[in-house]
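Trainee: Got a predicted model here, sequence first, then my questions.
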Amino acid sequence: MKTVGMPRGLFYYYYYPWYKTFFNDLGARVILSSPTTRITIDQGINKAVDETCFPIKVYFGHVQELCQYDLDYLFVPRIVSIEARSYICPKFMGVPDMIRASFSSLPPLIDITIDLSRSQRSFKEELYKTGQLFSKSRRRIKAAEEHSSQELKYCQTIAAQGYTMAEAIDIWEGQELTSTWDSDLCIGVLGHGYSLYDQTISLDIIGRLRKMGCRVVLPEVLPGERVENEAATMPKRIFWTLGRKMVGSAFSMEKMPEIDGIIYVACFGCGPDSFIGEIIERKLKGKPYMMLVIDEHTGEGGLVTRLEAFCDMLRRRRRQKIEDNLPAYG
Amino acid sequence: MKITYPHMGNACIAIEAMLQKLKLEVIPPPPISKKTLEIGVKHCPEFACMPLKITMGNFIEALDRGADTILMAGGWGPCRFGYYAQVERDILSDLGYSFEMVILEAPDSRVSELFRQLQALGQNVSIWEAFKALKFAWHKLQVVEELEKKISYVHPRALDKRKAENIYDQALREIKETQDKEEIDQLGISCLASLDQLALRAEEPLRIGLVGEIYTVLEPMANFRIICCLGRLSVEVDNSIYISDWLNDHLLGGLVKKSHRRELVKCAGPYLNYFVGGHGLETVGSTVSYAHQNYDGVIQLGPLTCMPEIVAQSVLKRVSSEEGIPCMTLYFDEHAGAAGIQTRLEAFTDMLRRKKLAKAAMY
Ligand code: SF4
Ligand code: SF4
């Protein structure tokens, strides 16, 4: 059985069910790197150029881990675009080349280009080329592709119930997770999935908020169409897929009465975030907003203090509101 | 209407010429100073790339001097530049400025569209006049770039470097003020002649290729005048990017001059096989091409956090070892200091000199 190594980073958090199903259906075994640890981070820092953003460094760390195994292939796609007229980020467009330049001995790379900005055709061709590494049958490849899309949709419906994409993937894989969190506050949390849902990168911001009594609302629970419509209120279309999703989600959340405040988790050195965080901050007038910038040096203590202060502030506001609404001669 | 524009190296000479021929009143931003950067830094997102901060400083300084219209270029990603104008407009409006922002972009590189935008911008100009304005500006740019190339040859070799700098600076100032084509040509010719008369050293200087993010390469205030510093260290610098190349490739759809971009893409191929926004691909391609031409080294410039240049830098490690060309990367932000840059330049050029001597001794 052929083995395909897959780094647990970047678009793993959005597409893993798709990737895994595709390769499994074609008879390959997927070897996933372990969840991010301090070692992953250190290995990544070691391999990547200093100035690179945190998530790319972590991705490099996962590649390093996979290099120890005897793999037939390493799957590191070049994700240019996943929808019309949009991009993810310039760095995503160079990922396979950066990896080739930074590691001396690598398994053969499957570095297909995923570019749906203009048409589906070239993407299907690329998929077919990849499929052919494992199966000669065009029919089988096509069936695998369809099955993959279904599995991804299924995983997305799990996330829509309020799980993070990382949790949704675990549930999709068959794990049992409980979903009852006691909460008196409700906070919208935004950020690129690969930093937000990686518990080590984000220092488990979501878990911490839940423990502090917050229900966390993530972009994945919001209806896609509403998010797009809200984002379309910007005078110029935002051409970064994730950036547009974050802006649209922030605007949607602003209008949801149950949400007390919004947190944006940005990565230090992230190009798109430097603009998106700014846009949201300028346009969001109706709700408390906090931007957290994280990197490999962010300390737990400082982060917890900021989260607690934010929650305290939201609770005060809430009490104030209730008091203001009490009838004067109650 | 009082129009202003952002600075980028000598581009102001051409831009101003064009706007004047479109019969517009121009309020140029004052030359970029420390103050300009400070203003930009104060009002821009902290982690934005430097060109945003400096151009923002330009706009504020120009608006404060009475400009009411801003001319800016646009784009459609994948890099931040495509959203610069939007972010800048929002910040300036929030600061209480009232102004018009005209964003030039050529969707799918259609030049006709650009002409139309220029004509609409002009005060009662015909499409023919718009065309002539552009042609005149282009001509000026050609003369300026010829001088830029000449000075990069003469400066590192000249015995009296200050004199070379003065001749060149003086000529640029005069060309900027001149609106007559013949006179401009004359100024160009006489500057070239005076530079030719300077006494030069016999020894061949080191040759370094300069690559990187376009704004940082072209704007001396964004790179601590690196070309001049290297010239004073007797290093000949070949600039991989000229303003006319950028205009030709990005706004004019390759119409006015033969683009060597294709060639660079081919050179980059074995190392970086895809467009990564900005100038990332060109950075890699030019480095490979400099290696093929036996340059002594390559210096890559970019603003800190510049995404395409980070991709390129990651790849340059491999280019450097496989093609055998030493590369150095310098990033700039508001915290960079001239002294630090100077030290790194000296260390790099010393290393190149030793290498060159060792190589010469081997033969
Ligand atoms: S979007 Fe930001 S965090 Fe993601 S790869 Fe690009 S720069 Fe890094
Ligand atoms: S190429 Fe670099 S400087 Fe230009 S917009 Fe992109 S990140 Fe900023």
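Mentor: Yep, that arrived. Ligands and ions are numbered 1, 2, ... in the order given.
Trainee: And the residue of the stretch 101-250 of chain A that's closest to ligand 1?
Mentor: A:H192 (5.4 Å; C-beta to the nearest ligand atom). Any C-beta I mention is one placed from the backbone N, CA and C, and that applies to glycine too.
Trainee: For that residue, give me its contacts.
Mentor: By C-beta atoms under 8 Å, 6 or more residues apart in numbering or on different chains, the contact list for A:H192 reads A:P55, A:L242, A:C267, A:C270, A:D273.
Trainee: Without its sequence neighbours, what residue ends up closest to B:I3?
Mentor: B:T69 (4.4 Å; C-beta to C-beta, 6 or more residues apart in numbering or on different chains).
Trainee: so the one you found touches B:Y97, yeah?
Mentor: No: using C-beta atoms under 8 Å, B:T69 is not in contact with B:Y97; the gap is 11.4 Å.
Trainee: how many neighbours does residue 219 have?
Mentor: Picking chain A for this. For A:P219, the neighbour count with other C-beta atoms under 10 Å in any protein chain shown is 23.
Trainee: That was the other one, I meant chain B.
Mentor: B:E219 - counted by other C-beta under 10 Å - has 22 other residues nearby.
Trainee: Between B:T69 and B:Y97, tell me which one has more neighbours.
Mentor: B:T69 (20 against 16).
Trainee: Distance check, B:A361 against ligand 2.
Mentor: Distance from B:A361 to ligand 2, counting by C-beta to the nearest ligand atom, to the nearest Å: 41 Å.
Trainee: Could you report the pLDDT at that residue?
Mentor: pLDDT, B:A361: 84.
Trainee: now swap in B:S259 and tell me
Mentor: 69.
Trainee: try B:S33
Mentor: For B:S33, the model assigns a pLDDT of 95.
Trainee: Grab the nearest non-local neighbour of it.
Mentor: Closest to B:S33 by C-beta to C-beta, 6+ apart is B:M221, at 7.8 Å.
Trainee: before we move on, what about A:I112?
Mentor: A:E126 (4.3 Å).
Trainee: neighbours around the one you found, how many?
Mentor: A:E126: 18 neighbours (other C-beta under 10 Å).
Trainee: Just the buried positions in the strand or helix carrying it, please.
Mentor: Using DSSP states H and E, A:E126 maps to helix A:121-132. By 16 or more other C-beta atoms under 10 Å in any protein chain shown, the buried positions in helix A:121-132 come out as A:F123, A:E126, A:L127, A:T130, A:G131.
Trainee: Quick check: phi and psi at the closest residue to the third one other than its chain neighbours.
Mentor: Same thing as A:L127. Distances taken as C-beta to C-beta, 6+ apart place A:E145 nearest to A:L127, at 6.0 Å, with adjacent residues excluded. The phi and psi values for A:E145, taken as degrees, to the nearest 10, are phi -60, psi -40.
Trainee: Distance of A:E145 relative to A:F23?
Mentor: 11 Å (C-beta to C-beta, to the nearest Å).
Trainee: Which residues are in contact with B:E309?
Mentor: Here B:E309 is in contact with B:G212, B:E213, B:G278, B:H279, B:G280, B:T283, B:Q300, B:G302, B:P303, B:T329, B:Y331 (C-beta under 8 Å, 6+ apart).
Trainee: Contact partners for the most centrally placed residue in chain B?
Mentor: The residue lying closest to the centre of chain B (C-alpha atoms, centre = their mean) is B:L218, at 2.1 Å. By C-beta under 8 Å, 6+ apart, the contact list for B:L218 reads B:M8, B:G9, B:N10, B:A11, B:I241, B:I243.
Trainee: Looking at those residues, which is nearest chain A?
Mentor: B:I241 (17.6 Å; C-beta to the nearest C-beta).
Trainee: which residue sits closest to residue 78, ignoring its sequence neighbours?
Mentor: This is for chain A. A:R78 sits nearest to A:T113 (C-beta to C-beta, 6+ apart), 4.6 Å away.
Trainee: my bad, the chain I had in mind was chain B
Mentor: A:Y87 (3.7 Å).
Trainee: And the strands in chain B?
Mentor: Remark: strands assigned in chain B by DSSP state E are B:2-4, B:25-26, B:69-73, B:100-104, B:206-212, B:235-239, B:297-303, B:327-332.
Trainee: which neighbours does the second one have in its sheet, and in what orientation?
Mentor: Partners of strand B:25-26 in the sheet, by DSSP bridges, are strand B:2-4 (parallel).
Trainee: Which parts of the partner strand count as buried, going by neighbours?
Mentor: For strand B:2-4, by 16+ other C-beta under 10 Å, it's B:I3, B:T4.
Trainee: Report the distance from it to the chain centre.
Mentor: 22 Å (C-alpha atoms, centre = their mean, to the nearest Å).
Trainee: quick revisit: buried deepest among the strands of chain B, which one?
Mentor: Highest mean neighbour count among the strands of chain B (mean count of other C-beta atoms under 10 Å in any protein chain shown): strand B:297-303, with a mean of 26.
Trainee: Which other helices and strands does that strand contact?
Mentor: strand B:206-212, helix B:214-218, helix B:280-292, helix B:307-323, strand B:327-332, helix B:338-362 (3 or more C-beta pairs under 8 Å, 6 or more residues apart in numbering or on different chains; DSSP states H and E).
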